[in-house]
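Turn this into a structure:
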Amino acid sequence: MAKIKGAVVIDTERCKGCDLCVVACPVDVLSLEPKEVNNKGYHYAFMAHADNCIGCANCGYVCPDGCITVYKVKL
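Predicted coordinates for the structure are as follows:
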C-alpha cells in the first residue's frame, strides 16, 4: 500500500488567525506565526511541522474563510 503525505497551502493574506485549523490537526502540523502578521494585522497559520502532514484535510474543512488547500501525494 502506498504511503500518503500531505501538503497544506495557506492563503496567508486571507487568514485571520482564528486557530481552528491548528486545533483540528491530529498530528500537530499547523501553528500560528508568532512574530509576523499579514496585511490585515493577523498572526496567520503556517506549516510548523510539514513532515508530519498526513493529508487528512481536517484543517481545510474547519477553516471558516476557505484559505486552506490540502494536497495529497503518494510516495
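
So which residues of the protein form helices?
All helices of the chain, identified by DSSP state H, fall at 20-24, 58-62.

right, and those - which one's nearest K3?
K3 lies closest to helix 58-62 among the helices of the chain, at 18.8 Å (C-beta to C-beta). No exception for glycine: its C-beta is placed from N, CA and C like everyone else's.

Tell me which residues of the closest one come out buried.
The neighbour-count criterion (16 or more other C-beta atoms under 10 Å) identifies 58-60 as the buried residues of helix 58-62.

repeat for stretch 15-27
By 16+ other C-beta under 10 Å, the buried positions in stretch 15-27 come out as 15-18, 20-22, 24-25.

Could you identify the most distant pair in those?
Greatest spatial distance in those: K16 and C25, 17.3 Å, computed using C-beta to C-beta.

Quick check: which of the helices of the chain is nearest to P34?
When those are compared by C-beta to C-beta, helix 20-24 sits nearest P34, at 12.1 Å.

then the closest one to CSV, C-alphas only?
Extracted in CSV, the C-alpha atoms of helix 20-24 (Å, rounded to 0.1, in the frame of the first residue of the first chain):
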residue,chain,number,x,y,z
LEU,A,20,-9.4,26.5,14.3
CYS,A,21,-7.1,24.7,11.9
VAL,A,22,-4.3,24.4,14.5
VAL,A,23,-6.7,22.7,16.9
ALA,A,24,-8.2,20.5,14.2
